[in-house]
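K.L.:
Give me the fold of what follows.
(one chain, ligands or ions: 1)
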Amino acid sequence: MLKIHLHEASKRFQYEWIFKNLNLQLTQGDALAITGGNGSGKSTLLKCISGAIPISSGKITFESTGSQIPETDWYKHLAVSAPYLELPEEFTLTEAIDFHFKFKKPLNRTQPRDLIEILYLDQHVHKPVSQFSSGMKQRLKLGLALFSDVPLILLDEPTSNLDKKGIAWYAKLIETYRSNRILIVCSNEPREYEFCSRRLALEDFK
Ligand SMILES: Nc1ncnc2c1ncn2[C@@H]1O[C@H](COP(=O)(O)OP(=O)(O)OP(=O)(O)O)[C@@H](O)[C@H]1O
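P.N.:
Model (predicted):
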């Protein structure tokens, strides 16, 4: 059982404070929406929680069945989908999926061909990712994150580039695969985080 604890966590870039004295406890089953306008610091907070960048003061801890997970191992317990994280563009769809699952175990032993069907990308199996539309890339990013067998899922702007069908697909996918995980969604769009029972407005932590 993964537990994340932020204790007086603060982040600044040079002289600009992005958030200050943030206290938060999350455990599996929790869904948190991080909200705020452009530039409020949503992506920065997500990166701090993933361990990609350090906080300036305070503490973030990951704990699993009573023992603390070292920061260098956090990445093993999480998957991220974000606009600034690139897919391997030179790979075909099948290669990109195989590559991803060299590092992360697939959820419920999902087979690549089944995932491709769930992502409704079966017409594009042999196409290089560089030739995907932005919506197709977004579905692939979300699929790779949600179908990684990890307890922490971090989604930044999950429905960007998705059309109406894609947005409905996202909602259904989340409903099915969020259970017993910690899900964190950074967003300005209520439709992306309606299911989140917990909300954190970054404007409150300046
Ligand atoms: N590496 C960095 N160095 C300096 N400042 C940075 C860095 N990364 C982000 N910032 C600044 O931190 C602030 C928050 O940026 P961030 O990308 O976290 O906002 P956001 O809420 O995710 O915005 P958006 O909704 O536009 O995606 C901005 O003022 C940004 O310029």
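K.L.:
which residues of this structure fall in helices?
P.N.:
Counting by DSSP state H, the chain has these helices, from start to end: 42-50, 93-103, 112-118, 134-146, 164-177, 190-193.
K.L.:
model confidence over the longest one, on average?
P.N.:
Pointing back at helix 164-177 there. Mean per-residue pLDDT for helix 164-177: 96.
K.L.:
Tell me the helices and strands packed up against that helix.
P.N.:
For helix 164-177, the packing partners by 3 or more C-beta pairs under 8 Å, 6 or more residues apart in numbering; DSSP states H and E come out as helix 134-146, helix 190-193. Quick note: C-beta positions are derived from backbone N, CA and C, even for glycine.
K.L.:
just the first one next, same as before
P.N.:
With contacts defined as 3+ C-beta pairs under 8 Å, 6+ apart, helix 42-50 has these neighbours: strand 2-13, strand 16-27, strand 31-35, strand 78-81, strand 152-156, strand 182-187.
K.L.:
For residue 84, give its distance to the ligand.
P.N.:
Plainly put, residue 84 is 8 Å away from the ligand if you go by C-beta to the nearest ligand atom, to the nearest Å.
K.L.:
Please apply the same query to residue 35.
P.N.:
For residue 35, the distance to the ligand under the criterion C-beta to the nearest ligand atom works out to 9 Å.
K.L.:
give me the number of residues near the nearest residue to that residue once chain neighbours are set aside?
P.N.:
Spatial nearest neighbour of residue 35, chain neighbours left out: residue 201 (5.2 Å); criterion: C-beta to C-beta, 6 or more residues apart in numbering. Counted with other C-beta atoms under 10 Å, residues neighbouring residue 201 total 12.
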